[in-house]
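Chemist: Have a look; sequence and predicted model below, questions after that.
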Amino acid sequence: MSTVAPFLSHLNPSQRRAVEHFCGPLLVVAGAGSGKTRALTYRVANLIRYHHVDPANILAVTFTNKAAKEMKERIERLFSQQVAEDEYGKPLSALPEREQVQLRSRVYKTYVKDLWVGTFHALCARILRFDIDKYKDDRGNTWTKQFSIFDESDAQTLVKSIVTGDLNLDSKTFEPRSVRYAISNAKNRGLSPEEFQQDQPNYRGRVIADVYGRYITKLAENNALDFDDLLLIPVRLFQQNESILGYWHHRFRHVLVDEYQDTNRTQYDLIRLLVTNGEPARTYGNWNQRSAFVVGDVDQSIYSFRAADFTILMEFQHDFGDGLDDKETQTLVKLEENYRSTENILQMANALIQNNSQRIDKVLRPTRGTGESIICHRADDEIAEAQYVVGQIRAMEQEHPDLNWRDFAILYRTNAQSRAFEEVLVQWAVPYSVVGGLRFYDRKEVKDILAYLRMVVNPCDTVSLLRIINTPRRGIGKTTIDRLVNAAQELNLPLWEVLVDEGLVKTYGGRSARGLTTFAQQLQQWQAVADDLPASALVQRVMEESGYVQDLISQGTDEADDRRKNLDELRNAALQFEDENEDAGLLTFLGSASLASDADSKDDLSNRVSLMTLHSSKGLEFPVVFLVGLEQGLFPNYRSMDDPAALEEERRLCYVGITRAQEQLFITHANARRLWGSREPAVPSLFLNELPQELVLGQLPHAGRRQRPPAPSRSAASSATRSPKTRPPARPAAPPHNWQVGEKVLHRAFGVGQITHVFGSGDKQSIAVRFPGSIGQKVLDPKLAPLDRLP
Ligand SMILES: Nc1ncnc2c1ncn2[C@@H]1O[C@H](COP(=O)(O)OP(=O)(O)OP(=O)(O)O)[C@@H](O)[C@H]1O
Ligand SMILES: [Mg+2]
């Protein structure tokens, strides 16, 4: 191309090389915040706009559904700008509003609609909606296109019904969650129940193998797949059926994958099959008009517990580049500039990750100023830690007009840590959302209505049927249900078939026979109209006609009221889904509800502080980040402490956390913590020891040593005004400071305040400080209060 496309001017030369890459394999490796995701997005746009690739020929795999949505929006914006410039010779914003809307909708239809962008799970589910009816597993099980997707709790329900129902075992000994975990592991290792059983020396293992076999059969009987199947079945189907693989291979000429370091073997197999049409790695060289483009960072590989394997990334050039003459240079782009974080934050991240042995050293140059020092704070316990963090957030939000609640993130190692923060946030009325807490779609009432809807499209889904058969209560007791389930088993029919047979219902339904028939008829009515109604209308009808909403109204409690609001929200979600998707039938809506992931709930529109685990924070960025709970056993997690490889993964997780911060990073730890029930003294994380003191405001502790309570010294205050570079690591005792009215101070719990009065003098001085909001004015002894002076 002779001229640079205007939108490519937003990229540096290496990014541009990656974006302009057309055919063949390309690996982009680079550190955090170097614009990998940006390059991937721009490349999709470039393929369509400048290489005239049909959007339907592009498959882009993102890490979350939210990232997928953002990518589509970004591409639509990029194109709308471009088209406005090309056709009208002016920027989009200069057009009248109506024309803007029309242009954007045209752009969406032409360039965005047919793109396949999404997570591995979402994309696989889509492929299976086309082709699952051509698949048969090695036990002869088959599925139809109306399959249900069982989330973890559905899968555990099924396991539990096998353990306690079919096998009559104790669910304490065979805890459904751990049995399900073992099954999932076996599945992902490609083991059939029989193969799995051969490995098991003891009784427990053999029972799990038995449950595993029954679990597969039951899933198929329910016409359902679990999350593992969503990935495994397409791979098996492609291996089984050349012509189906050929179709998808032909269709997806350009395959792009973000966060490639976190792919596992199954996902790798899928990509490989699609790209090479199943030809052996070493002979594949047919790159005519097609590409495989992956981006990643080995230092951010944090999912080995889900079988992700970063050697897959390291082998990319070998695996995909073999048909090329000069694969070393043709297949690799490195990005070396970081656009996200200040220099201090970046240096901090680099210093930490240097301690890992399993890595390839790389360059990451800052492009932004030095920035603020990193603030390290030690609190007495988890409540004091939360008070400090929330105090800082409140103070900064008040102080800086350009900082909003959404600009702050609190990142922790384990979900349990959110509780203390939530309490303090509620107390101080700071809006927040816990990303990856109970998902919207996991709430009871939402799951209930979704179960109705699943029965509408997939009547074999007995797990859903049992969930709603007596919800709301319609007088169908447990004994009746057990009788019906047994009858279904004996007759070898799905439970639904029994329900729609009036004779069977009369025989087995006892006194509930009428209620059962009415219930079945109602479901049949919805089934009859399901194809003709939009998802939102069905949601509405089901909510009302099932009596579910009426039941909540008659309960009249606040809780019931909340549940009703959630159901309204479910209808809104369906409406929004219809707005955003061409193919917005009930089936696709249900699929998207099952696959909504943790990080998707971080909604940009809501102005809230984000709380999330470090795992959920991948790929995101925030102006101000609080990395909390840096204590041995917590972070690094106790399970990793005797395992060098696991410890390196924890360190990568810490690297991910640090590199989420754009402007300011806080790191906190506590002297004692109540976690998992008991209050224990805490030892500072060894990671703290690996951070350079000269970048930090506040004394870093020495790892492995228990801390004394924080000394109420004023020396930290005086050092706060010095530049980080010149500050000596050990601080001499400072002379007492003469406090002045009007001076600003930073209090560890209350945040930034201003001195309004000074009482007494010398050693006997005390001060009154006004803190923002409801904290108000406090009189403090500056010798004891944890105060820092601010410039
Ligand atoms: N050439 C550039 N000029 C200016 N800003 C850029 C450039 N490239 C990327 N950015 C910005 O830098 C930030 C980080 O980019 P991006 O999220 O794409 O990085 P990443 O490498 O994917 O990070 P991570 O490893 O955390 O996923 C974003 O805010 C992005 O808009
Ligand atoms: Mg990224």
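Modeler: Yep, it's here. All of these numbers come straight from a predicted model, not from anything done at the bench. Numbering: from 1, shown residues only. Ligands and ions are numbered 1, 2, ... in the order given.
Chemist: Isn't Arg74 up against Thr41?
Modeler: Yes: using Cβ atoms under 8 Å, Arg74 is in contact with Thr41, at 5.2 Å. All C-beta atoms are positioned from the backbone trio N, CA, C, and that covers glycine.
Chemist: what about the residue in the stretch 151-300 of the chain that ligand 1 sits nearest to, how many residues close to it?
Modeler: Closest to ligand 1 within the stretch 151-300 of the chain is Asp297: 5.2 Å, counting by Cβ to the nearest ligand atom. Under the neighbour criterion other Cβ atoms under 10 Å, Asp297 is assigned a count of 28.
Chemist: cool, Arg511 as well?
Modeler: 10.
Chemist: measure it to Arg483 for me?
Modeler: 12 Å (Cβ to Cβ, to the nearest Å).
Chemist: Same question for Glu372.
Modeler: With distances taken as Cβ to Cβ, Glu372 is found 69 Å from Arg483.
Chemist: Ok, His400 next?
Modeler: Taking Cβ to Cβ, one finds His400 at 66 Å from Arg483.
Chemist: Pick out whichever of the two has more residues nearby.
Modeler: Each of His400 and Arg483 has its neighbours counted (other Cβ under 10 Å); Arg483 has more, 17 against 13.
Chemist: Secondary structure element holding that one?
Modeler: Following DSSP states H and E, one finds Arg483 within helix 478-491.
Chemist: Next SSE downstream of that helix?
Modeler: Using DSSP H and E, the helix or strand that follows helix 478-491 in sequence is helix 495-499.
Chemist: Report the backbone C-alpha coordinates of that next one in CSV.
Modeler: Extracted in CSV, the C-alpha atoms of helix 495-499 (Å, rounded to 0.1, in the frame of the first residue of the first chain):
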residue,chain,number,x,y,z
LEU,A,495,-39.4,-36.8,32.0
TRP,A,496,-41.1,-34.3,29.7
GLU,A,497,-42.5,-37.2,27.6
VAL,A,498,-44.1,-38.6,30.7
LEU,A,499,-45.6,-35.2,31.6
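Chemist: which residues are in contact with it?
Modeler: If you take Cβ atoms under 8 Å, 6 or more residues apart in numbering as the criterion, helix 495-499 is touched by 455, 459-460, 462, 465-466, 484-485, 487-488, 491, 504-505, 508, 516-517, 519-520.
Chemist: what about stretch 427-443, average pLDDT?
Modeler: For stretch 427-443, mean pLDDT rounds to 81.
Chemist: next one: it to chain centre, how far?
Modeler: Relative to its parent chain, stretch 427-443 has a centroid offset of 14 Å by Cα atoms, centre = their mean, to the nearest Å.
Chemist: for stretch 202-221, same thing?
Modeler: When distances are taken as Cα atoms, centre = their mean, stretch 202-221 is centred 30 Å away from the chain's centroid.
Chemist: What residues does the protein have near ligand 1?
Modeler: Proximity of the chain to ligand 1, by Cβ under 6 Å from any ligand atom, involves residues 10-12, 15, 30, 32-38, 297, 300, 339-340, 619, 621, 659.
Chemist: so who does Val741 touch?
Modeler: Contacts of Val741 (Cβ under 8 Å, 6+ apart): Ile755, Thr756, His757, Val758.
Chemist: Quick check: next helix or strand after the helix or strand harbouring the first one?
Modeler: It refers to Ile755. Element membership of Ile755, judged by DSSP H and E, is strand 751-759. Sequence-wise, the next helix or strand downstream of strand 751-759 (DSSP H and E) is strand 766-771.
Chemist: Show me what residue of this protein gets nearest to ligand 2.
Modeler: Thr37 (3.3 Å; Cβ to the ion).
Chemist: neighbours of that residue, just the number please.
Modeler: 19.
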